[in-house]
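[1] 3D model of this:
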Amino acid sequence: MEFDFSLRRVLLVAALLGIFAALGGFTAPQPREEYSTSRVRKAWLMCIVLFVGGAVSATVIEHTVGHMDPTNLRPAYIFIGVILMIAGALWLRSMKEGIEPAPRRTAWHQSSLGEAKGNSARF
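    From the prediction side, this is the model:
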């Protein structure tokens, strides 16, 4: 197993990590009071490890086996990397939806729905 840090692969891993950061992957979730902060941080770090490990596996790892007729295992590493990235992103998303407090409804939301004036929309 080798690491191939060519410019294209480094840019690809940087782009994947940038997308993860833009989607809020590197911001720690703020749990409600009934959840342990240390357990939430540990799960959040595991999500990051899954995604970063998957990104590295899918981009910079090069692995060939055999001497006479070498076989390249790169497609397997790409597949495993994509699965790890999907697992990390989905786990983080479900964790954030489950433990963060729900956004508070403001007067603007209520008035836009017709609830502030007592008008209820009937369908």
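[2] looks like Cys35 contacts Ile99 (just checking).
    To be clear, residue 35 is Tyr; Cys isn't right here. Yes: using Cβ atoms under 8 Å, Tyr35 is in contact with Ile99, at 5.1 Å. (C-beta placed from N, C-alpha, C; glycine too.)
[3] who does Phe3 form a beta bridge with?
    Beta-bridge partners of Phe3, counted by DSSP bridges, are Ile61.
[4] do you know the pLDDT at it?
    pLDDT for Phe3: 87.
[5] what packs against the lengthiest helix in the chain?
    Using DSSP state H, we find that the single longest helix of the chain is helix 74-99. Using 3 or more Cβ pairs under 8 Å, 6 or more residues apart in numbering; DSSP states H and E as the contact test, the elements touching helix 74-99 are helix 37-59, strand 61-62.
[6] just give the nearest non-adjacent residue to Arg74, would you?
    Spatially, and ignoring its direct neighbours in sequence, Arg74 is nearest to Glu62 (6.1 Å; Cβ to Cβ, 6 or more residues apart in numbering).
[7] low-confidence ranges, this structure, go.
    The chain contains residues with pLDDT under 70 at 103-123.
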